[in-house]
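Asker: Fold the following for me, if possible:
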Amino acid sequence: MKAKRLITTRGLIKTGCNDVHLAGDDGTYQAGWWLGQTLANNKTRFASRTIDGDDIVFDNATGLTWPAVFGSAGGNNGVTDIWGLAVNYCDGLTFAGYSDWRLPNVRELCSLINYSLQALLIDSPPFSATPPLNFWTSTTPYGALVNGFMVDFGDGSVIQDSIVNSHFIIAVRGGV
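Answerer: Sure, this is the predicted structure:
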């Protein structure tokens, strides 16, 4: 008799993968947030709210708050910017009545990726009109501040680029 494998990924986000290609793969266990729950029985992860006329999304899995509308002030009005200005923009942002916004780190931004989706790997809704493109994170590679990490919402990759190149921005609050 084969022992049942205990999956302990408390606090980690599910990848969204629900296709089983081989017994024992991610689709088999669908491990992650809401311990022991499959995707079909999972609790609602995202809660949308409007505060002071701004649409936000509260992530019940991570405790983070995100702007819901990509083209809002919480997403730099849909305008790209270089890394340093992205950090400064988010740090000085007042949005939805809060002034403690910041540029997310690479793990926080990756937590939004849903690998069960095609073309755009971020749920829409609740994230409106978010393009499948690169978004800056506050994370930089060890040793030299010439590159920053980005998350690509089109293919789920984490990549580096020069901090003097412009990319999209999405702010986050909480979790610090």
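Asker: quick one, strands of this protein?
Answerer: Counting by DSSP state E, the chain has strands at residues 46-51, 54-59, 65-67, 134-136, 147-152, 158-162.
Asker: With mean neighbour count added, can I get these in TSV?
Answerer: To be clear about C-beta, it is placed using only N, CA and C from the backbone, and glycine gets the same treatment. TSV is the format used below for the strands of the chain (neighbours: other C-beta atoms under 10 Å):
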stretch	mean neighbour count
strand 46-51	13
strand 54-59	20
strand 65-67	26
strand 134-136	25
strand 147-152	22
strand 158-162	13
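Asker: Nearest to residue 79 among those would be which one?
Answerer: With respect to residue 79, and counting by C-beta to C-beta, the nearest of those is strand 134-136 at 12.2 Å.
Asker: List of residues touching that closest one?
Answerer: Contacts to strand 134-136, defined as C-beta atoms under 8 Å, 6 or more residues apart in numbering, come from residues 81, 83, 86, 103, 109, 148, 150-153, 159, 161, 167-170.
Asker: swap the cut-off to 7 Å and go again
Answerer: 83, 86, 103, 109, 148, 150-153, 167-170 (C-beta atoms under 7 Å, 6 or more residues apart in numbering).
Asker: go on, stretch 152-160?
Answerer: Applying C-beta under 7 Å, 6+ apart, the set of residues contacting stretch 152-160 is 106, 110, 113, 115, 119-122, 130, 132-135, 141, 147-151.
Asker: Domain parsing of the chain, as residue ranges.
Answerer: Using automatic domain parsing, the domains assigned to the chain come out as 1-43, 62-162.
Asker: What is the end-to-end distance of the last one?
Answerer: In other words, domain 62-162. With C-alpha to C-alpha, to the nearest Å as the measure, domain 62-162 spans 29 Å from end to end.
Asker: what about the nearest residue to residue 70 once chain neighbours are set aside, how many neighbours?
Answerer: Leaving aside its sequence neighbours, residue 70 sits nearest to residue 130 (C-beta to C-beta, 6 or more residues apart in numbering; 4.3 Å). A count of neighbours around residue 130, defined by other C-beta atoms under 10 Å, yields 24.
Asker: Spit out the contact partners of residue 130.
Answerer: So residue 130 contacts 70, 122, 124, 153 (C-beta under 7 Å, 6+ apart).
Asker: where's the first one relative to residue 22, distance?
Answerer: This points to residue 70. Residue 70 is 36 Å from residue 22, where distance means C-beta to C-beta, to the nearest Å.
Asker: The third one now?
Answerer: According to C-beta to C-beta, residue 124 and residue 22 sit 30 Å apart.
Asker: Wait, residue 74 touches residue 171, no?
Answerer: Yes - if you go by C-beta atoms under 7 Å, residue 74 and residue 171 touch, sitting 4.9 Å apart.
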